[in-house]
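1. Show me how the following folds:
(one chain, ligands or ions: 1)
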Amino acid sequence: MALFRLATTRVAGTHLSPVTAVFVRNLSEVTDLRDVLTKKVPQEQEKVKNFRKQYGNTKVGEVTVDMMYGGMRGIKGLVTETSVLDPDEGIRFRGYSIPECQKLLPKAAGGNEPLPEGLFWLLVTGDVPSDNQVKALSKDWANRADLPSHVVTMLNNFPTNLHPMSQFSAAVTALNSESKYAKAYADGVHKAKYWEYIYEDSMDLIAKLPVVAATIYRNMFRDGKGVGAIDTNKDWSHNFSTMLGYDNPDFIELMRLYLTIHSDHEGGNVSAHTVHLVGSALSDPYLSFAAGLNGLAGPLHGLANQEVLIFLTKAAKELGGDFTDDKLKEFIWKTLKSGQVVPGYGHAVLRKTDPRYTCQREFSQKHLPDDKMFKLVSQLYKLVPPILMETGKVKNPWPNVDAHSGVILQYYGMKEMNYYTVLFGVSRALGTLASLIWDRALGLPIERPKSMSTEGLQKLVGATK
Ligand code: AMX
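-> Okay, the predicted model is just below:
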């Protein structure tokens, strides 16, 4: 259906346009993501309003005492539009599985992997974007990538023994000097307009993250002489790879895949939930995302990719290259008996092999089939699950995303394992910020679940002491 839209004067962002009449045939031809959202937001607001009016008091589940002590597993307590995680099937981004995204999302010229720009468009709008829409997004991000000088100075002054994730989160926090949302809030903007500023901040932040991340990498592991200029004709992952100092086209393809698959895993995981929670206090996207990064930096969450490489390196050292099944089994049992987890295995929701693991395995089978470390990862895939099952307590013995990513990065020369979670963080911005835009568009309130003391809970359930 043809639609006649009167573009209003932009209130946020750098590109203030005059009031102009724009003829738009359908949304698939609109290359400005904000224009698409401007059309979609009122429709979604209406949908949610009507749904809540009709079903607002309908019960969706029960809460047990164990759930309260058990990390709130299984409690349906959040609404996240961007993706849903099925325990058996894995993640679906706006309804699309990873193989479907690999097939449907636009690729770079000559490339096979999806561009993360396309995934972001999908997460924000629910629509698979066209090539032109993705190209426009690449350009938009490239044009927003500059860092303020105080953040560059800050990054250059960090001691090299400060973990890259701490540097990353601190720099993102300091970037909030650029927040258009914080400024608009201070100026008394109407709450109906919050999402527009959250959108602008999110776009700016996503654009700047690779520059921050690459600066950390260069400072810590290379000569620290800057990351070079952004090429506005290149995609986000290409520019990021170049800034990191990697120009192998296969590495760039890996980055496109990596930054796509690590982006989102519905709303309850630590990083996504944290960004949502902090954002609900109307903290700006820089502060909210930095908080999420601090959660991602935990070893049970995003730091697991670093932990996996430490685990593999330790195994290689202790076994002296003697990777017989028996020796490896012994090593796994030793790890478990010393009270440690096998990193890269298990999941709070998933109950099968993580499709994010599977697609990295397929990438490796194509690009590095003979790599020694890849073979070790494959051998562990065979050996770890039966052992974890034998413990009788691990609910999901299968590998997650982090079991695989490190060995591929090693193969291309990125051997600095304590840096890996930063890559995860760059990607995680796509999902968490797409959600944050919708949180404000839907006017979700400050988050405040009820907590109880053990005593209160005992009274509530009528427990005899
Ligand atoms: N190795 C050893 N023990 C494990 C285990 C593993 N990989 N996974 C689970 N367990 C243990 C738990 O520690 C728990 O032990 P406890 O009863 O003595 O406390 C028991 O099995 C039951 O746990 P669960 O219900 O199966 O898992 P969970 O939902 O509590 O935790 C997770 C999920 C991911 C934290 C856990 O599987 C784990 O620690 N895995 C290793 C770390 C890892 O790979 N994290 C990355 C996850 C993906 C991501 O967020 N990036």
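2. Packing partners of the longest helix along the chain?
-> The helix that spans the most residues within the chain, counting by DSSP state H, is helix 194-221. Using 3 or more CB pairs under 8 Å, 6 or more residues apart in numbering; DSSP states H and E, the elements in contact with helix 194-221 are helix 33-55, helix 131-143, helix 149-157, helix 164-174, helix 180-186, helix 236-244, helix 285-296, helix 420-441. The way it works is simple: take the backbone N, C-alpha and C, and place the C-beta from them, glycine included.
3. Just tell me which of these ends up closest to residue 258.
-> The closest of those to residue 258 is helix 420-441. By CB to CB, the value is 6.3 Å.
4. next SSE after the closest one?
-> Next along the chain after helix 420-441, taking DSSP states H and E as the criterion, comes helix 454-461.
5. Give me the residues contacting that following helix.
-> 65, 68, 452, 463, 465 (CB atoms under 8 Å, 6 or more residues apart in numbering).
6. State the pair within those residues that is farthest apart.
-> 68 and 465 (18.3 Å).
7. residue of the protein with the smallest distance to the ligand?
-> The ligand sits closest to residue 346 of the chain, with a gap of 2.1 Å, by CB to the nearest ligand atom.
8. what mean pLDDT would you report for stretch 220-232?
-> Average pLDDT, stretch 220-232: 95.
9. Make 874 the first number, not 1, from now on.
-> Got it, first residue is 874 now, which makes that one stretch 1093-1105.
10. For that stretch, list every residue counted as buried.
-> By neighbour count with 16 or more other CB atoms under 10 Å, stretch 1093-1105 contains the buried residues 1093, 1094, 1100, 1103.
11. now these as JSON lines including distance to the ligand?
-> Formatted as JSON lines, the buried residues of stretch 1093-1105 follow (distance: CB to the nearest ligand atom, whole Å):
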{"residue": "1093", "distance to the ligand": "22"}
{"residue": "1094", "distance to the ligand": "23"}
{"residue": "1100", "distance to the ligand": "27"}
{"residue": "1103", "distance to the ligand": "29"}
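12. For the residue of the chain closest to the ligand, the count of nearby residues, please.
-> Here the number of neighbours of residue 1219 (other CB atoms under 10 Å) works out to 21.
13. Next, the angle helix 1037-1047 makes with the longest helix of the chain.
-> 140 degrees (axes from the mean of the first three to the mean of the last three CA atoms, to 10 degrees).
14. between helix 1067-1094 and helix 906-928, how many degrees?
-> Computed with the same axes, to 10 degrees, the direction of helix 1067-1094 lies at 120 degrees from that of helix 906-928.
15. With neighbour count added, can I get the contacts of helix 1327-1334 in TSV?
-> Formatted as TSV, the contacts of helix 1327-1334 follow (neighbours: other CB atoms under 10 Å):
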residue	neighbour count
938	14
941	15
1325	12
1336	11
1338	4
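16. and these near the ligand, which?
-> With CB under 6 Å from any ligand atom as the criterion, the contacts of helix 1327-1334 include none near the ligand.
17. Near the ligand, which residues of the chain? Just list them.
-> Going by CB under 6 Å from any ligand atom, the residues of the chain near the ligand are 1142, 1173-1175, 1177, 1209, 1214-1221, 1261, 1266-1269, 1273-1275.
18. Can you tell me which of those residues are buried?
-> 1142, 1174-1175, 1177, 1209, 1214-1221, 1261, 1267, 1269, 1273-1275.
19. Inside helices: which ones of the residues you listed?
-> Counting by DSSP H, those contribute 1177, 1209, 1261, 1275 to helices.
20. Next up, the contacts around the first one.
-> Spelled out, it's residue 1177. 1216, 1217, 1273, 1275.
21. that older thread, hang on, isn't the residue of the chain closest to the ligand packed against residue 1270?
-> Yes - using CB atoms under 8 Å, residue 1219 is in contact with residue 1270, at 7.1 Å.
22. what residues are shared contacts of those two?
-> residue 1261.
23. Quick check: pLDDT value at the residue of the chain closest to the ligand.
-> Confidence score, pLDDT, at residue 1219: 98.
24. OK, contacts around it?
-> Counting by CB under 8 Å, 6+ apart, residue 1219 has contacts 1261, 1267, 1268, 1269, 1270, 1271, 1273.
25. What distance do you get for the second one to residue 1238?
-> When CB to CB, to the nearest Å is applied, the distance between residue 1267 and residue 1238 equals 27 Å.
26. Surely residue 964 forms part of a strand?
-> Yes - under DSSP: H, G, I helix; E, B strand; the rest coil, residue 964 falls within a strand.
27. Hmm, residue 1139 and it touching each other?
-> Yes - under the criterion of CB under 8 Å, residue 964 makes contact with residue 1139 at 7.3 Å.
28. shared neighbours, these two?
-> Joint contacts of residue 964 and residue 1139 (CB under 8 Å, 6+ apart) are 956, 957, 958.
29. ok, the first one touching residue 966?
-> Yes - counting by CB under 8 Å, residue 966 is a contact partner of residue 956 at 4.8 Å.
30. Neighbour count for the two, which is higher?
-> residue 966 (27 against 23).
31. and that one, what does it touch?
-> Residue 966 neighbours (CB under 8 Å, 6+ apart): 955, 956, 974, 992, 995, 996, 1136, 1137.
32. Any of these buried? List them.
-> 955, 956, 974, 992, 995, 996, 1136, 1137.
33. Tabulate those in a markdown table, adding columns for pLDDT and secondary structure.
-> Converted to a markdown table, the buried ones among the contacts of residue 966 look like this (pLDDT from 0 to 100; DSSP: H, G, I helix; E, B strand; the rest coil):
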| residue | pLDDT | secondary structure |
| --- | --- | --- |
| 955 | 98 | coil |
| 956 | 98 | strand |
| 974 | 97 | helix |
| 992 | 98 | helix |
| 995 | 98 | helix |
| 996 | 98 | helix |
| 1136 | 98 | coil |
| 1137 | 98 | coil |
